[in-house]
Every structure is written in structure tokens, then in C-alpha cells.
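Student: this one's sequence-less:
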């Protein structure tokens, strides 16, 4: 009954007027910056960090956390309406969400994204409540070999499950990984493929790359085709998901929540990778995988649940170990330290009101987000009625502002342009952008994890199989790579047997 | 033979060759002690193989039917975006954005020029207030300076 007692204490804290207001401001600002492409939770949290000096520690943390998970809600909106990911965690939502909008089902897509986020967000808070201490101990067992194994598993799952030609997917994945090697090598500190420029020292920017590949390229294709008005003006009938939509989405939301939560706990995982894995998984288990990429609601529901659940899961290492698994959590860690509080194993005993207050505020915040977002769906759908001749210059404007807001670097705008043109040709020729982006993110991390593992083992690859956790995950990766090829072959042989 | 496919295979092969030559300047190391050049080298070789396979596949594939497209509108948008990206910092957000929006509204959106310029001015100022004033994104002021 400890949990109930603690949660009751936390609810009392989070429902105090000051904290309730902080929570509202947090989720409201989070939704707003989530909808606007480019301005992410990281920039917003760091901008608002100074304001929290004047606030109580509890209210500050509640507000900053609200921005983070609020942004996960809002991020899907622009993905669905304009094919620009509002947050990098909503890239996958573009694939089917935007197609749904083009078929007049923007309301259903936005609705299922909001409900899915709510369910996943709430489930992940339940997870934090029950599992924080034991899970944190498990996450400690994750070293570079285990991370490498997880990345390899993620990679095999995603590349083979992408649609279209396997050769083209492989080409895009390799290109993405090559792009990921641009910049200062994290192990040796040597610059790779930077051609003496300072901009490329940090590597190719993820944000300009994504905005170019998804946002700008889509504009270029649409401008050329001139078919927008018929598509957008027509048939926006239902604002909320239908019963069939719910039936299709229930399992993806459940799977996405569990997947996102557990992956979110792992250091360095962030909220992007779980969305890719969730999408791949849904496509895999679907009886009609060919609908994916053409407006399958499962492709929206699963990943949107996954990113919200991952945002919750990421709080676990922070609150219980004092380790920030990603950048937004690092800012949150900074906020704790500003107020003289060291998050970690002792926080539960030293500051129980703060710990449980923050956790309880997330239940409250998730309800606020749902109430806030559902009425907005009607408004967002109206945006689709804006004529394309007016809309597309604005999409370009948002892409440029979004990229600029990250680092105020004019070279990033050039990167945006280049990837916009590249994305245009890729779409024309049937190359998918998603495997490239994923390989870009995963490849960089995988190389680092593998090389760190080899440094740990003094050059012995055996470290990947000697550690039980790593070898188990590697085994899964190998199985995931072989089974889809082997199973049909075995089945065909078995069927052929009686005839022989 | 599918020409687009063959061209893309060629382009990928070029990228692979380029990455290969560049990676060789870096320390490669070995499988058990990979240096900074190891992964780029392996990836470029793999990419070259895949590009070769794509080329072979393209030779056996039929050419796809091109969908009707309007190259003029595409080129206009590209030029406008390129100019906007290059002038964004130098001219400043306000002037560059008004120029880009007004041009695209007028030239491609089908609005009368007076309407196009008016809408561009209003949207640009609104975007300035939203992003620069409220959200504290430091947009470039360029030639106008800060008032």
C-alpha cells in the first residue's frame, strides 16, 4: 500500500494551485512548440530554465517536465497536416498520418494520436510509479556491448520491414550510415568528411536533414503536380476516430506503450528510435502490411504511443540514478541542481514530496493535454482547407525558421535545401527517406558503442557474446534477420515433402 | 532499361567511390581495433556493391511512365527557396521573408500582386512577433538592424 500512500501524497502536492498552474503552463507551451516545427523541447526548456530560479523546485520541475511530454503530443500535428515533423520523434507519423490527411481522415489521425499519446503517457506514469527502483537497477547493467546489440536488433528489424525494394532500402541505409560518420569522430577526435568546415564538425544536422527530406521535398513534389485543392478541400467528415479505428489502434497503442517505455529507460535511446521500432513492429504483425505508407491508422497509433511512453521512461534513470539518458533530461537534471537537489537513489527518501509530486503531476498533465488537444483537432483540420498556393510558401517558411531556431547557423539552411532536393529525387525514384534517417541516427550510435566495447575488451569481439544480456539480444537480432527468409523456405520445403 | 534507376545507381556509386577515397586518408585500423576510417571504408565498399546491384536491376527493368509534371513551377520554387536560404541572414528575416512569400504567392499562388505583397507583410510581421518576440528565437535582423 506504499504506492497508494505515496501517490496520494504526490497528488496533494501536484493539485496545489501553484503546481497545477505550472503544470498547465508546461503542457500548454509544450503542445505549442510541439506543433511548431523546429522549436523543440530542448530549446524551450533551456530558454525557460532561468525563469524557474524564482519558482519552487517542485513547480519548476513540474513545468519543465510538462514541456517535454507536452511536445510529444503536439509533434504529431504538423506531421499529419503538412508532412513536416513537428518534433524529430514524429518523423514516422508523417508516413501514414499525412496519407490519412490526404484521404480526408486528418481528424481520425489527429484523434488517435492524441488518445494514443494519452493512454501511453498515463501507462508510462503507472510504470514509473511501480517500477522505477527495480528498472533503474536493470538499466545499470547496460554497457556499450548491450547498447550495440540493441541498436543492431533495432536496425535489422527496421531495414527489413521497410516497404519497397530491399536493394533501395539497403542503399538508403548505407547512405544514412555514411552521412552519420561525418563530423568529429567521438573516439579519436579526428575530423571525418568535414572538408575543413566548422559546420560539419558536429556532423550533418539531424533537424535540417529531416525537415529537408520530409518537409521541403513534399512541397517540391506538390508544387510540380498542382493537384492539392481537390485532395484537401474534400471529405473531411469525422473529427474523431470511428469504432473501427479504435479496433485497429488498440493493440498498436498497447504495444507502442510497452515498447516505448522500456526502450526509453535505456541511456541514449531517446524517443526517436522507439517510434521507428514500433512502426516496423506494427507492419510486421499486420495482416495487411501493404496498407502501411498509404494511410494505415496503426502506423500513427503505435509510434505516437511509443514516443510518449519513451518520454515517461526516460524520467526513470534521471529520478532514481541521477543519470540523464537524453538532452531534455539533462536540462531537467540542471534544474534540479539549480535548486540544490541531487536526483538519485536518495531522492525518494530525502525529497519524497517532490518525487511523488512530479510523478503525480504527470497524471494530471496527461489529462490536461487530452482536454487541451481534442477541441483543437477541429481547428487544425480547418487548416487543411487553406488553399495550397497560400500554404506551401508558409511550409517553406516554417522549415527555414525551424532550422534556424536550432543553432542560428546559415549553413544549416543550405543543408536543408540540399536535403530538400535530394528528398525530391528520392521520392521520384522510389527511395524511402525513413531508413536513411534511422540509419543516420543508429549508425552513429552503433559505431561508437562497438568501438567502446572493443576498447573495454582490448580488441576482443568476444565481449559481444560473453555477456549474457548482450548475447541474448544479439541472438534476437540474428533471429530477426534470418527468420523472415528462412521460415517461408522451410514452409515451402515441408509442403513439398509429401509429394516426393 | 529504367533510366532514372540507372542514374540513381550511378550517383550512389559516385558517392561510394568518393567516400572510399576520402576514408583512405583516415587511419583505418583493423576489425578488432577500428580507427576513424574503418567504418566509412566498410560502408563505402558496401554501398558500391549495392549500387552495382541496383544498376544491374535497372538494366532489366522497364522504363517507368513519367507522370505529367510542371517543371516551370518546380524550378520557380527551387530558385525562390535557394535565394531565400542564401539571403536569409544577409538581408535579414523581415526583408527576405516578405520577398519570398510575396513572390511565391504572386507567381505560383495565383494571387494579385497587391494581395500577395500585403499578405506577405502581415505574415512576416506575425511570424516575427511569434518567434522572435515571444519564443525568443533570435531571427537575423540583417540590413534593417534592430529598432
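Tutor: That came in fine, so what should we check first? As the structure is a computational prediction, the values presented were derived from the model and not from experiment.
Student: so what's the residue in the stretch 201-350 of chain A that chain B sits nearest to up against?
Tutor: The minimum distance from the stretch 201-350 of chain A to chain B, using C-beta to the nearest C-beta, falls at residue A:224 (4.3 Å). C-beta here means a position set from N, CA and C on the backbone, and glycine is covered the same way. Taking C-beta atoms under 8 Å, 6 or more residues apart in numbering or on different chains, we find residue A:224 in contact with B:69, B:70, B:71, B:73, B:74.
Student: now do the host helix or strand of it, average pLDDT.
Tutor: Using DSSP states H and E, residue A:224 falls within helix A:217-225. For helix A:217-225, mean pLDDT rounds to 84.
Student: I figured residue A:217 hits residue A:428, correct?
Tutor: No. Look at residue A:217 against residue A:428 with C-beta atoms under 8 Å: they stay out of range, at 9.3 Å.
Student: more neighbours: which of those two?
Tutor: Taking other C-beta atoms under 10 Å in any protein chain shown, residue A:217 and residue A:428 do not tie; residue A:217 has more neighbours (23 against 18).
Student: excluding covalently adjacent residues, which one is nearest to that one?
Tutor: residue A:423 (2.9 Å; C-beta to C-beta, 6 or more residues apart in numbering or on different chains).
Student: same for the helix or strand hosting that neighbour, what does it pack against?
Tutor: Assignment of secondary structure by DSSP H and E places residue A:423 within helix A:410-429. Using 3 or more C-beta pairs under 8 Å, 6 or more residues apart in numbering or on different chains; DSSP states H and E, the elements in contact with helix A:410-429 are helix A:206-210, helix A:217-225, helix A:388-407, helix A:433-456, helix B:3-23, helix B:71-91.
Student: what angle do it and helix B:71-91 make?
Tutor: Angle, helix A:410-429 to helix B:71-91, by axes from the mean of the first three to the mean of the last three C-alpha atoms, to 10 degrees: 170 degrees.
Student: write out the residues of the stretch 401-500 of chain A neighbouring chain B.
Tutor: Contact residues, the stretch 401-500 of chain A versus chain B (C-beta under 8 Å from any C-beta of the partner chain): A:401, A:404-405, A:408, A:410, A:413-414, A:416-417, A:420-421, A:425, A:428-429, A:431, A:443, A:447, A:450-451, A:454, A:459-461.
Student: which of those are buried? Put it as a PyMOL command.
Tutor: To isolate the buried members of these in PyMOL, using 16 or more other C-beta atoms under 10 Å in any protein chain shown:
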select buried, chain A and resi 401+404+405+410+413+414+416+417+420+421+428+429+431+443+447+450+451+454
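Student: which single residue of chain A ends up nearest chain B?
Tutor: Using C-beta to the nearest C-beta, the single residue of chain A nearest to chain B is residue A:389, 3.0 Å away.
Student: for that residue, which non-adjacent residue is spatially closest?
Tutor: residue B:109 (3.0 Å).
Student: so the residue nearest to residue A:217 touches residue A:219, yeah?
Tutor: No. Between residue A:423 and residue A:219 there is no contact under C-beta under 8 Å: 10.1 Å.
Student: now do the strands in the stretch 251-400 of chain A.
Tutor: With DSSP state E, counting those that start in this stretch, there are no strands along the stretch 251-400 of chain A.
Student: okay, now the unreliable bits of it?
Tutor: Scanning the stretch 251-400 of chain A with the threshold set as pLDDT under 70 gives A:267-269, A:345, A:383-384.
Student: just the pLDDT for the one residue in chain B that gets nearest to chain A.
Tutor: Closest approach of chain B to chain A (C-beta to the nearest C-beta) occurs at residue B:109, with a separation of 3.0 Å. Here the pLDDT value assigned to residue B:109 is 87.
Student: number of nearby residues for it?
Tutor: Neighbour tally, residue B:109, other C-beta under 10 Å: 20.
Student: give me the three-state assignment for it.
Tutor: Classification of residue B:109 using DSSP: H, G, I helix; E, B strand; the rest coil returns coil.
Student: next: residue A:189.
Tutor: Once three-state DSSP is applied, residue A:189 turns out coil.
Student: quick check on it: phi, psi?
Tutor: Dihedral pair for residue A:189: phi 80, psi 10, per degrees, to the nearest 10.
Student: list the contacts for the closest residue to residue A:444 other than its chain neighbours?
Tutor: Nearest non-adjacent residue to residue A:444, counting by C-beta to C-beta, 6+ apart: residue A:180, 3.9 Å away. Contacts for residue A:180 (C-beta under 8 Å, 6+ apart) come out as A:203, A:204, A:439, A:440, A:441, A:442, A:443, A:444, A:447.
Student: report pLDDT for residue A:143.
Tutor: 80.
Student: quick one, phi psi at it?
Tutor: The phi/psi pair for residue A:143 (degrees, to the nearest 10) is phi -110, psi -180.
Student: now the lengthiest helix in chain B and helix B:3-23, what's the angle there?
Tutor: If you go by DSSP state H, chain B has its longest helix at helix B:38-60. For helix B:38-60 against helix B:3-23, the angle by the same axes, to 10 degrees is 160 degrees.
Student: which elements pack onto helix B:38-60?
Tutor: Using 3+ C-beta pairs under 8 Å, 6+ apart: helix B:38-60 touches helix A:166-180, helix B:3-23.
Student: what do you get if the cut-off is 10 Å, keeping everything else the same?
Tutor: helix A:166-180, helix A:433-456, helix B:3-23 (3 or more C-beta pairs under 10 Å, 6 or more residues apart in numbering or on different chains; DSSP states H and E).
Student: for it, give the mean pLDDT please.
Tutor: On average, helix B:38-60 scores 90.
Student: and for stretch B:82-102?
Tutor: The average pLDDT within stretch B:82-102 is 94.
Student: quick check: which ranges of the stretch 101-250 of chain A have low pLDDT?
Tutor: A:133, A:135-140, A:157-164, A:226-238.
Student: mind doing that once more with 50?
Tutor: A:228-234 (pLDDT under 50).
Student: now the helices for it?
Tutor: A:106-140, A:144-161, A:166-180, A:206-210, A:217-225, A:228-233, A:243-265 (DSSP state H, counting those that start in this stretch).
Student: what mean pLDDT does the helix holding residue A:423 get?
Tutor: 92.
Student: next, the angle from it to helix A:166-180.
Tutor: 170 degrees.
Student: so what's the gap between helix A:410-429 and the chain middle?
Tutor: 22 Å (C-alpha atoms, centre = their mean, to the nearest Å).
Student: for stretch A:351-371, buried residues please.
Tutor: For stretch A:351-371, by 16+ other C-beta under 10 Å, it's A:351, A:354-366, A:368-370.
Student: isn't residue A:417 right up against residue B:79?
Tutor: No. Between residue A:417 and residue B:79 there is no contact under C-beta atoms under 10 Å: 11.3 Å.
Student: that older thread, buried deepest among the helices and strands packed on helix A:410-429, which one?
Tutor: Ranked by mean neighbour count under mean count of other C-beta atoms under 10 Å in any protein chain shown, the helices and strands packed on helix A:410-429 are led by helix A:206-210, which reaches a mean of 25.
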